[in-house]
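Novice: Sharing a model prediction with you, sequence too.
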Amino acid sequence: MADSTEARAQTLAWQGLANRIVRGLLRVPLLSRGVGKRLITVYVVGRKSGKHYAVPVAYTAHEGALLIGTPFGWGRNLRTGVPVEVRFKGRRQMADVVVFTDEDAVVEEYAVMARDNHQFARFNQIAMDERGNPDRDDLRLAWAAGARAFRLTLR
């Protein structure tokens, strides 16, 4: 089992190139329907730097909203009550944001995402049992390593 302070999700050596390609695919209306079945682009502005980021991220549709999660620094720029722009199924639109940072909420939202998207679970090193349920210890380790969860409600 990994140390709880150790990063669990890892970026790839060629992550920047992969992100550029995916962002491009998500902009093309017909292609975005296929690629966008699991991915959206979140347009984030750095709170301190003012730098603009376009981050492709996996989502899970749940209870009328889109759930996303990340342990990476860009997530700290999303704040509850501050809308964010996203590209969803080829269309740019605004979304209202609710940020989850406390352990119980992150574990619950990550469990929903891991059940829905096993690739998300693998990326975040969350093991799944034979019934398709995520390992609770792995979910807690993801939170301890900095994972945050976000509920986006499209406008």
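Specialist: Now that the structure is in, tell me what you want to look at. Numbers count the residues shown, from 1 in each chain.
Novice: C-alpha only now, for contacts and for neighbours.
Specialist: Fine.
Novice: which stretches of this structure aren't confidently modelled?
Specialist: Applying pLDDT under 70 to the chain flags the ranges 1-36.
Novice: just the strands in the chain please.
Specialist: All strands of the chain, identified by DSSP state E, fall at 39-45, 52-58, 60-62, 65-70, 84-88, 91-100, 148-154.
Novice: and those as JSON lines, adding distance to Q125?
Specialist: Formatted as JSON lines, these follow (distance: least, Cα to Cα, whole Å):
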{"stretch": "strand 39-45", "distance to Q125": "19"}
{"stretch": "strand 52-58", "distance to Q125": "15"}
{"stretch": "strand 60-62", "distance to Q125": "17"}
{"stretch": "strand 65-70", "distance to Q125": "12"}
{"stretch": "strand 84-88", "distance to Q125": "26"}
{"stretch": "strand 91-100", "distance to Q125": "19"}
{"stretch": "strand 148-154", "distance to Q125": "15"}
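Novice: Let's have the ones you listed in JSON lines, adding mean neighbour count and distance to M128.
Specialist: As requested, those are exported to JSON lines (neighbours: other Cα atoms under 10 Å; distance: least, Cα to Cα, whole Å):
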{"stretch": "strand 39-45", "mean neighbour count": "22", "distance to M128": "21"}
{"stretch": "strand 52-58", "mean neighbour count": "18", "distance to M128": "18"}
{"stretch": "strand 60-62", "mean neighbour count": "18", "distance to M128": "17"}
{"stretch": "strand 65-70", "mean neighbour count": "21", "distance to M128": "17"}
{"stretch": "strand 84-88", "mean neighbour count": "21", "distance to M128": "28"}
{"stretch": "strand 91-100", "mean neighbour count": "18", "distance to M128": "22"}
{"stretch": "strand 148-154", "mean neighbour count": "23", "distance to M128": "19"}
